[in-house]
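Novice: Compute the structure for the input listed below.
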Amino acid sequence: MAGQAMTPGMDTCPAYAAFFGYMGAAACCILANFGSAWGTWRAGLGVCQMGVNHPRGVMKNIVPIVMAGVLGIYGLIVSVIIVQSIMKPNQDKTNQYSVYNGYAHLAAGLCCGLSCLAAGGTIGVIGETATKTFGMKASGGKRFWDGMVADGADADVQDAAASDARNSDDANKLYVGSLIMLIFAEALALYGLIVALILSQHQYNCGQ
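Specialist: Predicted coordinates for the structure are as follows:
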């Protein structure tokens, strides 16, 4: 602006520039971990409830919990990259870290963190519903102990085996569909991670 005095380096690399960078790193880690915890919580409830009806399917339906846990790793990766890119002031108390870097790192942190938060909520809801319905379908709507028949009831054993085979086939079809939904939900966080990595590489350092 005409008539306004400007100090070289103070406008592009002020002392508060690092605040935006550290806020981006903190927001990324916190939001990603929140999404991971949210997804693990909801999916874990579904797995525990399904284990009552169909205990044999617990390990098979642990996938939503694993996918939710990966979201925290995404946030950790971006946060570490951002923190390592923040440079400390020089010996003469001038800064090399610019507000351009701070805005880019804040945008990167929010991009990854909010994407992981949205993905975590989606994975949690899908995982909880899918695991519950899988257990109900595989068990035929009965509790695990309800399927036990008395010794010597051959006809009942054969009917139960045929029914279990049909229920298991239908449950596997449901499992495949829910797995596809979980993959696309996880992709939301992956998109945010990719954009965050690109944003974190945009740098302008004063004095260079």
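Novice: give the contact list for M23.
Specialist: For M23, the contacting residues are L106, G109, taking CB atoms under 8 Å, 6 or more residues apart in numbering as the criterion. (C-beta placed from N, C-alpha, C; glycine too.)
Novice: Next one: it relative to L114, how far apart?
Specialist: Distance of M23 to L114, computed by CB to CB, to the nearest Å: 14 Å.
Novice: Name all residues that make contact with the residue most central in space within the chain.
Specialist: When the chain is reduced to its mean C-alpha position, the nearest residue by CA atoms, centre = their mean turns out to be L71, at 2.9 Å. Residues counted as contacts of L71 (CB under 8 Å, 6+ apart) are A32, N33, G35, S36, G39, C116, A119, G120, I123, E186, A189.
Novice: next one: Y204
Specialist: If a contact means CB under 8 Å, 6+ apart, then Y204 has T12, S98, Y100, N101 as its contacts.
Novice: Please repeat the previous calculation with a cut-off of 10 Å.
Specialist: With contact set as CB atoms under 10 Å, 6 or more residues apart in numbering, Y204 has these partners: T12, C13, Q96, Y97, S98, V99, Y100, N101, A104.
Novice: Please apply the same query to L179.
Specialist: L179 touches N61, V63, P64, M67, I126, A130, counting by CB under 10 Å, 6+ apart.
Novice: quick one: the helices in the protein?
Specialist: Taking DSSP state H to define them, one finds helices in the chain at 17-53, 63-85, 99-139, 154-200.
Novice: Quick check: S36 vs P55, distance?
Specialist: Summarising the geometry, the distance separating S36 from P55, computed by CB to CB, is 26 Å.
Novice: Show the low-confidence segments of this structure, by residue range.
Specialist: Under the criterion of pLDDT under 70, the regions of the chain flagged as low confidence span 1-11, 139-167, 207-208.
Novice: Name the nearest of the contacts of Y204 relative to C206.
Specialist: Set against C206, the nearest of the contacts of Y204 by CB to CB is C13 (3.9 Å).
Novice: I figured the closest one was touching K93, is that so?
Specialist: No. The pair C13 / K93 is not scored as a contact, 11.4 Å apart, by CB atoms under 10 Å.
Novice: So those two - more neighbours on which side?
Specialist: Ranked by neighbour count (other CB atoms under 10 Å), C13 and K93 place C13 first, with 24 against 7.
Novice: what residues are up against L110?
Specialist: Counted by CB under 10 Å, 6+ apart, L110 has contacts M23, G24, A27, C28, L31, G192, A196, L199.
Novice: most neighbours per residue, which of the helices of the chain?
Specialist: Scoring the helices of the chain by mean neighbour count under mean count of other CB atoms under 10 Å gives helix 99-139 as the most buried, with a mean of 24.
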